[in-house]
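A.B. asks: Requesting a structural model of the entry that follows:
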Amino acid sequence: MNKKKKNEYRLWRMLIMCVVGIGINLIGSVVAEKTGTPLYLDANGTVLIAAMGGYLPGIIVGLFSNLIRGLWETDVIYYSVINVFIAIITYLFVKKKYIKNPIGIILLIIIMAVIGGGHGAVLSWILNFASNEKASFSAHIKTDILWDIVDKAIAIVLLVILMKVLPKKLQDAMRIEGWQQAPLSDEEIKEAKKGHNRKISLRTKILLLLFMACIAIGAAAMIISIYLYRTYTIQQHCKLADGTANLVASEIDPEMVDEYIKDGEDVPGYLETEEQLKKIRESSPDTEYVYVYKIQEDGCYVVFDIDTEDLEGADPGTIIPFDESFDEYIPTLLKGGKIDPIISNDTYGYLITAYSPVYNEAGECVCYAATDISMDIIKNYEMTFIAKLLSLFVGFFVFVIAVGLWVSEYNIVLPVNTMAISASSFAYDNETALEENLKHIKQLKIHTGDEIENMYQAFSRTTEKSMNYVHDLNSKTETISQMQNALIIVMADMVENRDENTGDHIKKTAEYTKIIMDKMKELGYYKGQLTTRFMNDVVNSAPLHDIGKIHVSDMILNKPGKLTDEEFEIMKSHTTAGADILDQVIAKVPDSGYLKEAKNLAEFHHEKWNGKGYPKGLVGEEIPLSARIMAVADVFDALVSDRCYKKAFPFEKAMSIIKEDAGTHFDPLVADAFIQAEDEVRKVAEKHSK
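C.D. replies: Take a look at the predicted model:
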């Protein structure tokens, strides 16, 4: 069977299995609905297909079962994420073979029940909360999870029976895989997925890319959707408030307003009108307050103020002061003008307020009918919308990630990694070994039909040449490395030969830095920073730490007595001078990591842990690690070496000074590593003292 037919056959198998799984889910949900059972029976197909076919068809079945049911049961769509996660959990348990023992089966049922019942309970509680149904969250959790345990137990029992009844050959045939090369064994797949010598795998990069793309697109879509929903909801509630205010206004007799304010309930018809206003308020659950005010210079005179469950209305004639949020509208209201609904957060809470003027026969505004709608209600609607949107997004998010992983794994990750493994296992000993390697590569039969396949073909054709290129490259790299190290030593020697005090200082400090770093790595200090590259860069560039002394005069550099303050300032400048020199070199060779560490060493090896060093007075880990290491090596060598202005300190005395200054002059971890490596340090000191 050629590649095209294989792919078509695979797609048809997946389609048939997905249709069967969706059918099982839909039939189960219809049976549960018709019989009135509290069970769902809508995940049996998801469980079976995920176990037999793999995570991708299982996720497809779980997601699209709910989407199809959503055509006649709208809210079911938002529970699709449950089926998606059930598919993933089932696949993992079957893959790990946990389902072959009773404990694994029980654990799977409990996990599925917690996922299904827990998510269902949370979403149901949110929906009920927004619709003012007051069932407690704990009640939802207990009810949903308990019934879900029974529901998922039925699905798992059916799966176990099916796995025992169906022949192994048929079960293997049902497994949906997307090989674009010769299939690998489980061990080979594990090895191909693992990868070697890298910080982050290709599979992880693809996953991160998919994840970030989905999050970015999903977040943008959700933000836009929430914004539009919120805007639309506020607009609709503004219209509702405006319409309700107009309806209230139609119930008010404008000719009786002044009498209502003066005598209230004693005026004929007042109570009847008040009753009508109560009915208007109760007709809409979103309406919080209904009232009628006459707007005057000194405040709002109450005409009607309908009681609520939480707040008793004010008596007729009561003067209500203006809220600050209405200040800009007072001139218009005093003139009897019309204003648009207002959103405010004042005395009576966060509200949408609509005012409708009431005109008498002379066309004069005698009062305003007003309604308030609580923004908290809108928040509840918004919370419900967000919960639904988030639940639906998570379902599609997992689906997209699953499809991306499935396609990338079979079309990119496994082909690339198997080629990499084949290349890394090359034996260069003889032509026979090379022929075996080439034979193994050709047996991979990668046929992705894209650039990966082109790369595979080119890789197969040019393997022998590439080995020659690698050999040549290694030889040149070694030459460059030797030239680099030789250049460093020559540059350092040029400076050292001017300073009669230093002896073979550069060699000893380089050896001390290596001893310190080896011990730190052994002790687990600064594990993230002590890479092989870093350690090599520090050791190789250590001889350059005093290169700035080339700018210090011989008179100061070799002065036998104590330096004056002015001379010491000049001597201190060797740190910044060294940094400037190395900056010029780095500008010419910007990608040389060892030069960057050389600059750190040159500029900061006289900084102190407590911030009292120079040239910048850096504190603690503000000082580069390489410079903190060199500080210990540099000071120790100065202590145990003869200088024209002092005699060498005994080894033990020098070690005690390093120990005493840990935490003040030196990084305590670096000093500790140095002290613990006393034997190695002593060998270097004694070797150079001879």
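A.B. asks: so where's this protein shaky on pLDDT?
C.D. replies: Counting by pLDDT under 70, the chain has low-confidence residues at 1-9, 117-144, 186, 188-199, 424-439, 463-503, 590-593, 644-645, 690.
A.B. asks: which ones are touching the spatially most central residue of it?
C.D. replies: Centroid-nearest residue in the chain: residue 212, 8.5 Å away (criterion: CA atoms, centre = their mean). Applying CB atoms under 8 Å, 6 or more residues apart in numbering to residue 212 gives no contacts. All C-beta atoms are positioned from the backbone trio N, CA, C, and that covers glycine.
A.B. asks: And it, how close does it get to residue 391?
C.D. replies: Distance, residue 212 to residue 391, using CB to CB, to the nearest Å: 21 Å.
A.B. asks: ditto for residue 631
C.D. replies: 57 Å.
A.B. asks: Who has more neighbours out of the two?
C.D. replies: residue 631 (26 against 19; other CB atoms under 10 Å).
A.B. asks: Show me what the helix or strand hosting the more buried one is packed against.
C.D. replies: Element membership for residue 631 (DSSP states H and E) is helix 625-640. Identification of packing neighbours for helix 625-640 by 3 or more CB pairs under 8 Å, 6 or more residues apart in numbering; DSSP states H and E yields helix 505-523, helix 532-541, helix 593-604, helix 651-660, helix 668-676, helix 678-689.
A.B. asks: Mind jotting down where the helices sit in the stretch 101-250 of the chain?
C.D. replies: 102-130, 137-165, 168-174, 186-194, 202-250 (DSSP state H, counting those that start in this stretch).
A.B. asks: Pick the most buried one from the helices and strands packed on helix 625-640.
C.D. replies: helix 593-604 (a mean of 24; mean count of other CB atoms under 10 Å).
A.B. asks: ok, the nearest residue to residue 40 once chain neighbours are set aside - how many residues close by?
C.D. replies: Using CB to CB, 6 or more residues apart in numbering and skipping residues adjacent in sequence, the residue nearest residue 40 is residue 151, 5.2 Å away. For residue 151, the count of nearby residues is 25 (other CB under 10 Å).
A.B. asks: ok, residues contacting stretch 627-638?
C.D. replies: Contacts for stretch 627-638 (CB under 8 Å, 6+ apart): 505, 508-509, 512-513, 516-517, 538, 542, 545, 600-601, 603-609, 613, 623, 654-655, 657-658, 661, 665-667, 670-671, 674, 681.
A.B. asks: Give me the distance between that stretch and the centre of its chain.
C.D. replies: Relative to its chain's centre, stretch 627-638 lies at 41 Å (CA atoms, centre = their mean, to the nearest Å).
A.B. asks: What of stretch 149-161?
C.D. replies: 35 Å.
A.B. asks: same thing with stretch 301-315?
C.D. replies: Worked out by CA atoms, centre = their mean, stretch 301-315 lies 51 Å from the chain centre.
A.B. asks: again with stretch 168-187
C.D. replies: For stretch 168-187 - counting by CA atoms, centre = their mean - the centre lies 33 Å from the chain centre.
A.B. asks: Next up, the contacts around the residue nearest to residue 40.
C.D. replies: Going by CB under 8 Å, 6+ apart, residue 151 touches 39, 40, 41, 43, 113, 116.
A.B. asks: From those residues, pick the one nearest residue 418.
C.D. replies: Taking CB to CB as the measure, residue 43 is the one of the contacts of residue 151 closest to residue 418, at 36.0 Å.
A.B. asks: The closest one touches residue 25, doesn't it?
C.D. replies: Yes. The criterion here is CB atoms under 8 Å, and residue 43 meets it with residue 25 at 6.7 Å.
A.B. asks: Mutual contacts of those two, please.
C.D. replies: 62, 83.
A.B. asks: related to what we said a few turns ago, could I get the contacts of residue 151 as JSON lines with distance to residue 282 and neighbour count?
C.D. replies: As requested, the contacts of residue 151 are exported to JSON lines (distance: CB to CB, whole Å; neighbours: other CB atoms under 10 Å):
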{"residue": "39", "distance to residue 282": "39", "neighbour count": "16"}
{"residue": "40", "distance to residue 282": "37", "neighbour count": "27"}
{"residue": "41", "distance to residue 282": "41", "neighbour count": "20"}
{"residue": "43", "distance to residue 282": "43", "neighbour count": "29"}
{"residue": "113", "distance to residue 282": "42", "neighbour count": "21"}
{"residue": "116", "distance to residue 282": "39", "neighbour count": "25"}
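A.B. asks: Among these, list the two that are farthest apart in space.
C.D. replies: Farthest-apart pair in the contacts of residue 151 is 41 and 113; separation 14.1 Å (CB to CB).
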